[in-house]
Every structure is written in structure tokens, then in C-alpha cells.
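Colleague: Based on what follows, work out the 3D shape:
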Amino acid sequence: MSSTPQNNEDSLYHRLYHGLIVSCHRDEKRRYETLEFLIGFVKSVEEGGAVALRIEGKDNLRAIRHETKLPIIAFVMGDYDDGAQLITPTLNDIEELFSAGADIVACDVTSRKRPNGLDGFSFLEAARARFNKPLWADVAAFREGVKAASIGADFVATTLSGYTPATSRKDQSRPDFQLIRDLAFSLTIPVIAEGRIYTQEDAAYAIAEGAYAVVVGTAITRPRILARMFSTTISHVAQSLHAS
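Modeller: Numbers count the residues shown, from 1 in each chain. Down below sits the predicted model:
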């Protein structure tokens, strides 16, 4: 079963246990999403009860580290050869993120080959050998989570379920509760529910299924996407009413 926290209330594990982690990102292609915009979200979610933050980018991390004492799970975004997004491409990225103030660094631990030829498991092995600090494995499938835990990941998150070629057929409108449940039942390290958690009910159900903590991003810090979801739903209902 997924682990319970250490007794020390100040420990990183204890602070995350059964809490809300908010993924605060900004789209740099949109001019209004400035660093100040991102910091505003950070302050708001901290006041709202978030226990930790997930932050992309070294510059964002450095700025936010000065604004909050919350634990930060950090990563940088790169690309696979096919153009798919790659979470934390290099070991130097990990080192720079820890140096910039990350408490935990997240990286892609899937079977896909990185541009340097390593798959996610070999990359994690190299990272584990080099860093004696918390590493967070973003996985897409059960076997990936199990292997990441065996290599030495401190946390396993369901972040990439539905976003890899091997899992692309999964429902991309709902969280992967089956994966959350299976990993939580099988592993003794914290299993983090992440990916398509849009409602309070989704978050509560993930905890009930064994998640150690829950990461929410879009439903809190992507008002543009949320507004589109609402407007699209309203439009579809209105069209059906007019058609009847």
C-alpha cells in the first residue's frame, strides 16, 4: 500500500500527505501571463490551502522561491525527437533546479527514448546515482510506476497517463483512477494523483483510492481553458434546446 507520512510534522512527506498540490504554469506566448501573473496565482493558492506547488522553468522557480515557503516540485520542459513534450531532459537540468531552490525535481520516467538515447528508467538510474535529493517520477502506466519505485524514485505521479503513444487510447477527459488505485495498492512510496483532475469530487475520489496527494493545474490556474470548457458545454446544450 502507498506509504503514510513520517512522524516528523516538519518533514517534506508529512507536509504533502493528503494535501493539494497546485501546478502553477504560465503560457509565455500570451503576453498577459507575466511572471507577476504567475506569482499572483501562487499567493492565491497558498491562501486557499495548497500544501505545495509544481513549477516549470528555472527562472520561474527562482522568482517564486522568494515568494513562498511552500515545498516546490520543479521541472523544465523539453522535447522528444518526435516533438512530444519531455519533462526535465538532462541531469544538468536537475542540478540547476535543485540549486534554484526546488525541494523535489520531477522528470519523465516512461519507456520512451530521450534525444540522448536513454529511456526514462536509465535516466532515473543516473539521476538517483548523482543526487541524494527527492526525485519525482512522472509515469504513464503501471509497470513504469513500479519500475520507477524499484530504481529509487521518492514519489510516483500519474501525470503522463494518456499522453504517451502506449496510453493514448485512454480517456483523456477523466483522471486515470485505475492507475492511481493500482499503484497505490502496489507501492510503498507516495503515489500522487495528477492529470485531468477538474473537480473537487475527482480530487476526493483520488484520495479515497489511495493517492498520497493530488495535483491540480488547469482547474485552478488555467482560466482560459476552464472558460472554454464552460462555454463549449453551454453552447452544446443551447444547440440541443434549439433543435428540439
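Colleague: got the residue ranges for the helices in this structure?
Modeller: Counting by DSSP state H, the chain has helices at residues 12-16, 35-47, 58-65, 91-99, 120-130, 142-151, 177-186, 200-208, 218-221, 223-243.
Colleague: helices and strands around the fourth one, which ones?
Modeller: The criterion is 3 or more C-beta pairs under 8 Å, 6 or more residues apart in numbering; DSSP states H and E, and the helices and strands that helix 91-99 contacts are helix 58-65, strand 104-108, helix 120-130. Any C-beta I mention is one placed from the backbone N, CA and C, and that applies to glycine too.
Colleague: Try it again at 6 Å.
Modeller: With contacts taken as 3 or more C-beta pairs under 6 Å, 6 or more residues apart in numbering; DSSP states H and E, helix 91-99 sits against no other helix or strand.
Colleague: Please work out which residues outside that helix touch it.
Modeller: Residues external to helix 91-99 that are found in contact with it (C-beta atoms under 6 Å, 6 or more residues apart in numbering): 58, 74, 76, 105, 127, 133.
Colleague: re the thing from before, dump the helices of the chain to a markdown table, plus distance to residue 110.
Modeller: What follows is those, written out as a markdown table (distance: least, C-beta to C-beta, whole Å):
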| stretch | distance to residue 110 |
| --- | --- |
| helix 12-16 | 23 |
| helix 35-47 | 27 |
| helix 58-65 | 23 |
| helix 91-99 | 17 |
| helix 120-130 | 5 |
| helix 142-151 | 5 |
| helix 177-186 | 13 |
| helix 200-208 | 21 |
| helix 218-221 | 21 |
| helix 223-243 | 24 |
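Colleague: nearest to residue 112, of those?
Modeller: Between residue 112 and the helices of the chain, the shortest separation by C-beta to C-beta is 6.5 Å, and it involves helix 120-130.
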